[in-house]
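Novice: all I have is the shape, not the residue letters:
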């Protein structure tokens, strides 16, 4: 989840940068912007911004959730190693070969 969240954040950042570098035609009667050489209208730019915002929020929440989950898993593994080590130290197996 952590990696998926980071990927979503990168995609959202790319959409935001893409939206920032759109160029307008300067015509006030028929304003059409150009994004990567393709003409886009105001509604399309709005939807791209909306999608970028949703992806950014989703990516941040997935990153936060994945980080918490990974930290919890690492803590549990660390505790299990301590328990196994203490059991091993307290009851060493002796081998008597007769």
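Specialist: Thanks, I have it. Since the model is a prediction, treat every value here as computed from it, not as a measurement.
Novice: helices of this structure, residue ranges please.
Specialist: 2-20, 42-90 (DSSP state H).
Novice: in stretch 52-72, what's buried?
Specialist: Neighbour-count burial for stretch 52-72, counted by 16 or more other CB atoms under 10 Å, picks out 52, 55-56, 59, 62-63, 66. For glycine as for every other residue, the C-beta is placed from the backbone atoms N, C-alpha and C.
Novice: any idea how far residue 53 is from residue 13?
Specialist: Using CB to CB, to the nearest Å, one gets 11 Å for the distance from residue 13 to residue 53.
Novice: that should have said residue 46, apologies.
Specialist: Between residue 46 and residue 53 the computed distance is 11 Å (CB to CB).
Novice: same deal with residue 44?
Specialist: 15 Å.
Novice: and residue 28, what pLDDT?
Specialist: Residue 28 carries a pLDDT value of 67.
Novice: err, residue 76, not the other one
Specialist: At residue 76, pLDDT is 95.
Novice: how about residue 48?
Specialist: With respect to pLDDT, residue 48 scores 89.
Novice: need the contact list for it.
Specialist: By CB atoms under 8 Å, 6 or more residues apart in numbering, the contact set of residue 48 is 15, 18-19, 35, 40.
Novice: residue 39 too?
Specialist: Residue 39 sits next to 32-33 when contact means CB under 8 Å, 6+ apart.
Novice: look up which residues are beta-bridged to it.
Specialist: residue 34 (DSSP bridges).
Novice: any idea how far it is from residue 23?
Specialist: 11 Å.
Novice: which neighbours do the two have in common?
Specialist: residue 33.
Novice: for the chain, give me the ranges with low pLDDT.
Specialist: 25-28, 92-98 (pLDDT under 70).
Novice: can you do 50?
Specialist: For the chain, applying pLDDT under 50 flags the ranges 96.
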